[in-house]
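> here you go, sequence then predicted model.
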Amino acid sequence: MDRLLDRPAGSSEALFVYRVLGATRVDRLTEPEDREVGQLLGDRFESTPDLIEITCHEPHRSGRLVPSIRMSEIPADLHEWVTFDDEDGDTWQFDVTFLTSNYGCIYGKGCPGVFTELAPEYEHGCCTYGAHFVDQEDRTTITAQIARLEPGEWEFAERADEMGGPIYKNDDGEWVTQTIDEACIFLNRPGFEHGAGCALHQAAVRRGERPLDWKPDVCWQVPIRFDEHTDDNGHTTFILREWKRRDWGEGGLEFAWWCTDDPLAFNEDRPVWKTSREEIIELVGEEPYRRFVDVVTAREDDAADGQGSVYLPHPQVRR
């Protein structure tokens, strides 16, 4: 343990938090104790309930620490993480459990939506409450793409004109999309000639362009969450993880269904880090993504050779 924690995490060497997450037992939540995982977390990360301290390891014949996991002893929502420091000294933290899971959006394939009751028949997905824009650049980008929509691509184009435009500032001073019949104004409904779905997303696909360049930031990022925290000493930690109910605010607790909370959405044939490659790179950049992929593929190769452990399955798969 000491050797693992004492080794500096330089620009070319990742500090593997996942090496200390898989264990035969979980003893307690982290506390800031010198030379232990708790101190490591206190120095490098924002506090998070997903990270816990463990004390038991099973040594592999190669001398590496290999997790020995009893599934019955794993806390219900335990996630593994990988972290490393970049050349600027910033820390990157990746939710390995989510990014290596087989999660996939099931919009149009029975998604129950985010009403307070299950309602797959509306085909709203998570578009029910419209989109909140993060900044002026976000609004400017979408306004430019709206102008590119052609007649017949957007079901509610005329309604948007009648309402004074599809984007407005609400009573809380937030810039949001208009809603019609309890869903975003850009959501084409079942029966529309081009089918149900986001008019902006459909238009991008039709033109062979990236949907993330056409949609509000929140719409292409969900269910991936990118957070940035700077501590009192000026040290910045970037965190890439799954989107939780809490990230929606109080309203998220009222959803009858949320996709990362249910096994129904974990049926893709490839992991998230592959299916959402463009979105992840857009959020974190090429180099952090490459370093994360190097860690993931190296561990998969070791597991295939019988020299390491497979990744901890996502909680919804374990369930």
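That came through, no problem.

> before we move on, which element is residue 299 in?
Residue 299 belongs to helix 286-304 when assigned by DSSP states H and E.

> buried residues in the following helix or strand past that helix, which are they?
For helix 286-304, the following helix or strand on the C-terminal side (DSSP H and E) is helix 315-318. Using 16 or more other CB atoms under 10 Å as the test for burial, helix 315-318 gives 315-316. (C-beta placed from N, C-alpha, C; glycine too.)

> same check, this time on stretch 131-139
Here stretch 131-139 shows 131-133, 138 as buried, counting by 16+ other CB under 10 Å.

> could you do stretch 255-272 as well?
Here stretch 255-272 shows 255, 257-261, 265-266, 271-272 as buried, counting by 16+ other CB under 10 Å.

> farthest-apart pair in those residues, please.
Spatially, the most separated pair among the buried residues of stretch 255-272 is 255 and 271, at 24.8 Å (CB to CB).

> quick revisit: which member of the buried residues of stretch 255-272 is positioned nearest residue 98?
Out of the buried residues of stretch 255-272, the member with the shortest distance to residue 98 (by CB to CB) is residue 272, at 6.3 Å.

> tell me how far the helix holding residue 299 is from the chain's mean position?
Taking CA atoms, centre = their mean, to the nearest Å, the mean C-alpha location of helix 286-304 is offset from the chain mean by 18 Å.

> and the contacts of it?
14, 16, 18, 82, 84, 86, 92, 94, 96, 99-100, 238, 273, 277, 280-281, 308-311 (CB atoms under 8 Å, 6 or more residues apart in numbering).

> CA atoms only for that helix, dumped as PDB, please.
Taking C-alpha atoms only, helix 286-304 is exported to PDB below (Å, rounded to 0.1, in the frame of the first residue of the first chain):
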ATOM      1  CA  GLU A 286      -7.900  14.300 -26.600                       C
ATOM      2  CA  GLU A 287      -5.000  13.800 -24.200                       C
ATOM      3  CA  PRO A 288      -7.000  13.000 -21.000                       C
ATOM      4  CA  TYR A 289      -9.200  10.700 -23.000                       C
ATOM      5  CA  ARG A 290      -6.200   8.900 -24.500                       C
ATOM      6  CA  ARG A 291      -4.600   8.300 -21.100                       C
ATOM      7  CA  PHE A 292      -7.800   6.900 -19.700                       C
ATOM      8  CA  VAL A 293      -8.200   4.600 -22.700                       C
ATOM      9  CA  ASP A 294      -4.600   3.400 -22.200                       C
ATOM     10  CA  VAL A 295      -5.400   2.500 -18.600                       C
ATOM     11  CA  VAL A 296      -8.600   0.700 -19.600                       C
ATOM     12  CA  THR A 297      -7.100  -1.300 -22.400                       C
ATOM     13  CA  ALA A 298      -4.000  -2.300 -20.400                       C
ATOM     14  CA  ARG A 299      -6.200  -3.700 -17.600                       C
ATOM     15  CA  GLU A 300      -8.400  -5.500 -20.100                       C
ATOM     16  CA  ASP A 301      -5.300  -7.100 -21.700                       C
ATOM     17  CA  ASP A 302      -4.000  -8.200 -18.300                       C
ATOM     18  CA  ALA A 303      -7.400  -9.700 -17.400                       C
ATOM     19  CA  ALA A 304      -7.400 -11.600 -20.700                       C
END
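
> average model confidence for it?
Averaged across helix 286-304, the pLDDT comes to 93.

> report the buried residues of it.
Quick answer for helix 286-304 (16+ other CB under 10 Å): 288-289, 291-292, 295-296, 299, 302.

> pLDDT wise, what is residue 194 at?
Model confidence at residue 194 (pLDDT) stands at 85.

> residue most distant from the centroid, this structure?
residue 162 (36.3 Å; CA atoms, centre = their mean).

> quick one on the thing from earlier: closest to residue 76 out of the buried residues of stretch 131-139?
residue 132 (30.3 Å).

> count the neighbours of the closest residue to the closest one other than its chain neighbours for me.
Here the nearest residue to residue 132 in space, its sequence neighbours aside, is residue 176; by CB to CB, 6 or more residues apart in numbering that works out to 5.2 Å. Around residue 176 there are 19 other residues, counting by other CB atoms under 10 Å.

> could you measure from residue 176 over to residue 185?
10 Å (CB to CB, to the nearest Å).

> joint contacts of these two?
By CB under 8 Å, 6+ apart, the residues touching both residue 176 and residue 185 are residue 130.

> what about the buried residues of stretch 255-272, which are in strands?
The strands in this structure, assigned by DSSP state E, contain none of those.
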